[in-house]
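[1] Sequence plus the predicted model coming up.
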Amino acid sequence: MRKRVGRENIILLILAIVLSLIIAETIFRVYYGLTDKVPGASEEEICTRTYFREISKNNSLWVSHPGGEEYLEYCNYSGIRPIANLTINKYFNLTLPNGTQAAGLLYDINTNSQHMLGLVDYKYEKDPNKLRIAVMGDSFTWGTKMPYMFTYGALLQEMIPNSEVLNFGISGIGIDTMYLRWKYEILTYEPDVFIMAIYIDDIARAVPCIYKPNFVREVDKLKILNLPPPTAGETLESYEEPKLESYFFKHIIYRIRSLSGIKRGAYQHGLELLDLMLDEVKQTSEKQGTNFLVLIIEAGNDHQNTETELWAISELKEMLISKKISFISSNEIFRKENFIATDYRNRSYFHFTPEGYGLIAQGIKNQLESEKIIEKQKNYYFQWIVDKHILALQNKENPKDLLLIVPYDILPAEEPS
């Protein structure tokens, strides 16, 4: 009798467990369905499945930065790059000083034939009479929501005579894509100065995903996998989502792997990769006679850093100091100028205003001056004249000395028919 009761209890326990798992699985499937989230046991699985679903639905290339597909294309060594010879300009009405109305052509997003942000092409061989500066970064370097002439790269070129600034920025990327573009593109142009602009979240974006090369750290070496990455078409043909899986168990596994914090884990992974990337960039720069500078962008407009972000910023600065790599930070640049990086005209705007980008460019210029790479140049006050679409630069030592950055052309009036 006791054996029978015991056997029945075991059966009831097993049934209760099975029923609980079925209920849990049902709840999690409903949860993921309602929230439109993607299940996965790792960041790589979640990113890959998100990408696959996006291209299946919209035939879109780029999923990490919504809206970016209009100016990005596949690249066999970095995953993505800007489309060459892209022209996205805007027409607008403006009032001339004499009171008449005119039409303006705003140079918004323009790329050259070499997949850089800019209006002109560059020769591989440097002009010995020009200082060649290459900048690499994410949307802060690309100048999201700003016309080309208001990007810090274009402004830096205006502030340094006889210079050319090659802008390799790509909106939405992380340090992994930056490194690859440096390795396979920037080096071929042999810049005198290389600036790697790291917005702190770029470190956490170096998670593996099917659409880009992936990195593995093996002791003190970087191993690049998934190179070349598959195209969107190849992914559609070859990748299949699991036919049999448990959302519940994958959710639990993902949470266990992220006990220290999902974001902190992504930062930790990125910092481990960046450690070796910086070593290679520094060593290569020293061999080529290139001056290597890191620009740290701690936060965008009106953003309070989280504890995890502050920790990552501190880790990054300590890493750069230990490696004796020169760096400047947006917070320090703004603090010296008593500038608050908040756009009071549009609180939802995350990236810097033209004044902010002007100060960033000036901060870079000042650092190059302090390192004796360039001679001392003018320092400016910046004023964004919104209704005129103009950025005014006023010489600090001579207020009458003004430089106006006009990111548009005034179109000629049509001849009367």
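    Cool, the structure landed.

[2] middle-most residue in this protein, spatially?
    In the chain, the centroid-proximal residue (C-alpha atoms, centre = their mean) is residue 138; its distance is 2.3 Å.

[3] got a list of what it touches?
    Neighbour list for residue 138: 169, 170, 171, 172, 173, 174, 178, 197, 199, 202 [criterion: C-beta atoms under 8 Å, 6 or more residues apart in numbering]. C-beta here means a position set from N, CA and C on the backbone, and glycine is covered the same way.

[4] Also residue 47?
    Residue 47 touches 64, 207, 208, 209, 210, counting by C-beta under 8 Å, 6+ apart.

[5] go on, residue 356?
    So residue 356 contacts 301, 330, 334, 339, 341 (C-beta under 8 Å, 6+ apart).

[6] Most neighbours among these, which one?
    residue 330 (24 neighbours; other C-beta atoms under 10 Å).

[7] I figured that residue was touching residue 341, is that so?
    Yes: counting by C-beta atoms under 8 Å, residue 330 touches residue 341, with 7.2 Å between them.

[8] hey, what's in contact with both of those two?
    299, 356.

[9] still on that earlier bit, what would the contacts of residue 356 look like in CSV with secondary structure?
    Shown next, in CSV, are the contacts of residue 356 (DSSP: H, G, I helix; E, B strand; the rest coil):
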residue, secondary structure
301, coil
330, helix
334, helix
339, coil
341, coil
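
[10] Show me which of those is closest to residue 120.
    residue 330 (27.5 Å; C-beta to C-beta).

[11] so who does the closest one touch?
    By C-beta under 8 Å, 6+ apart, the neighbours of residue 330 are 295, 296, 297, 298, 299, 341, 356, 360, 363.

[12] Inside strands: which ones of these?
    295, 296, 297 (DSSP state E).

[13] how many neighbours does the second one have?
    Around residue 296 sit 20 other residues, with neighbours defined as other C-beta under 10 Å.

[14] Not counting sequence-adjacent ones, nearest residue to it?
    residue 329 (4.2 Å; C-beta to C-beta, 6 or more residues apart in numbering).

[15] for residue 182, what are its contacts?
    136, 168, 194, 196, 281.

[16] Count residues in the vicinity of the last one, would you?
    When you say that, I think you mean residue 281. Other residues close to residue 281 by other C-beta under 10 Å number 25.

[17] The third one now?
    For residue 194, the neighbour count with other C-beta under 10 Å is 26.

[18] In the sheet, which residues pair with it? Tell me.
    Assessed by DSSP bridges, residue 194 has beta-bridge partners residue 134, residue 292.

[19] Against residue 133, how distant is it?
    Remark: distance between residue 194 and residue 133 (C-beta to C-beta, to the nearest Å) = 8 Å.

[20] Check the last one too.
    Between residue 281 and residue 133 the distance, using C-beta to C-beta, works out to 15 Å.

[21] what is the rounded mean pLDDT of stretch 204-218?
    The average pLDDT for stretch 204-218 rounds to 93.

[22] That stretch: which residues count as buried?
    204, 205, 206, 207, 208, 209, 210, 211, 212, 213, 214, 215 (16 or more other C-beta atoms under 10 Å).

[23] Check stretch 102-113 too.
    Buried residues in stretch 102-113 (16+ other C-beta under 10 Å): 104, 106, 107, 108, 109, 110, 111, 112.
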